[in-house]
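**Student:** Here is my input; please provide its structure:
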Amino acid sequence: MTRPSASPPQPSQAEVPGGAVAQILGQRRQQEDSLRLTGFTSGGSRGLLALVCDGMGGHPGGDRASGLVADQFIEHFLNASGTMPERLRRALTGAHEALQQAASANPALEDMGTTLVAACVVGAELYWLSVGDSLLWLLRQGQLQRLNEDHSMAPVFERLVAMGEMSATAAEQDGQRHALRSVVTRQPIHRVDGPEQPLRLQPGDAVLVASDGLGDLAAEDIIAALAPSAGNTEQRLQSLFERLQQRQDPQQDNASAVLLEIPPHTDSALATGGGITPRSPSRWLHPIGCILVALILFLIVTEVVGDLQ
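**Tutor:** Residues are numbered from 1 along each chain as shown. Coordinates of the predicted model:
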């Protein structure tokens, strides 16, 4: 049961060079999101690491899980060596092992878990790693795009709708739509989204790392709030959360976000940033015959059943 508040809570914010953070409780009893923003150096270049973890709602220790994983991820990342993808994966391994140890030591917390999304900006390059359904968005020249994979059931249902095996209404109303196919718990992690090649950033880009509490906000609201005319980094993130609170959703979840921005006037290394490579479900939809479609459907259903067991 949610606990309505008499007045909307105000986001707590802090700003560091290159980024800002914000968080609200929403209509939940406790804050289960954890977010971090830290600077580091790599090969003489300055970098920023943004991290958001969303504790599993309804599970004991969701807040503890997100805080523990966030702290351990940062610690292991800062102490790791190797390429950025290697450091991110080593950080995830260290954080996962720490959670497993904590859960094993306390039976009451054995089901605790959290999602995780980490974005690392070094020079003109963006690397990321994510587990679960938390969000990584890129805003470029007025266009908003999600960069990381969604490890909930939602994209599975969307593929079924596209293949004509499920109605759009049924997919939207299914109670399992937000069930997670991958999450950081004491069990093995089923899926990790962590591309080896970075995304080249351009001057004026904005990168938003967020929990799914911002997921129901319309794309046009996000674009308007984060427009350059909305002010500096902190003001733009404040504007985003104001729009979220104006919805007055009685089921509003915890919401947390880190905003990273590339200045519109910067050096030539950033000016050569490449275009966006879309993550589009269309690659699953090319009809190559009824037999292949039936096989894909069988594999998807088998995979889903296995993940939910």
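
**Student:** how about residue 156, secondary structure?
**Tutor:** Secondary structure assignment for residue 156 (DSSP: H, G, I helix; E, B strand; the rest coil): helix.

**Student:** and residue 177, what pLDDT?
**Tutor:** What the model reports as pLDDT for residue 177 is 78.

**Student:** Surely it touches residue 150?
**Tutor:** No. Residue 177 lies out of contact with residue 150 (C-beta atoms under 8 Å); the separation is 10.8 Å. To be clear about C-beta, it is placed using only N, CA and C from the backbone, and glycine gets the same treatment.

**Student:** Of those two, which one has the most company?
**Tutor:** residue 150 (22 against 15; other C-beta atoms under 10 Å).

**Student:** what about the more buried one, which SS state?
**Tutor:** Assignment for residue 150 (three-state DSSP): coil.

**Student:** which non-adjacent residue is nearest it?
**Tutor:** residue 133 (5.5 Å; C-beta to C-beta, 6 or more residues apart in numbering).

**Student:** Equivalent analysis for residue 70, please.
**Tutor:** Nearest to residue 70 is residue 34, by C-beta to C-beta, 6+ apart, at 4.1 Å.

**Student:** Off-centre distance for stretch 190-209?
**Tutor:** Relative to the mean C-alpha coordinate of its chain, stretch 190-209 is positioned 11 Å out (C-alpha atoms, centre = their mean, to the nearest Å).

**Student:** Buried residues in it, which are they?
**Tutor:** 192-195, 198-209 (16 or more other C-beta atoms under 10 Å).

**Student:** what do you get for stretch 250-257?
**Tutor:** Quick answer for stretch 250-257 (16+ other C-beta under 10 Å): 252, 253, 254, 255, 256, 257.

**Student:** I'd like the distance from it to the chain centre, please.
**Tutor:** That offset, for stretch 250-257, works out to 14 Å (C-alpha atoms, centre = their mean).

**Student:** what does stretch 210-223 give?
**Tutor:** Worked out by C-alpha atoms, centre = their mean, stretch 210-223 lies 11 Å from the chain centre.
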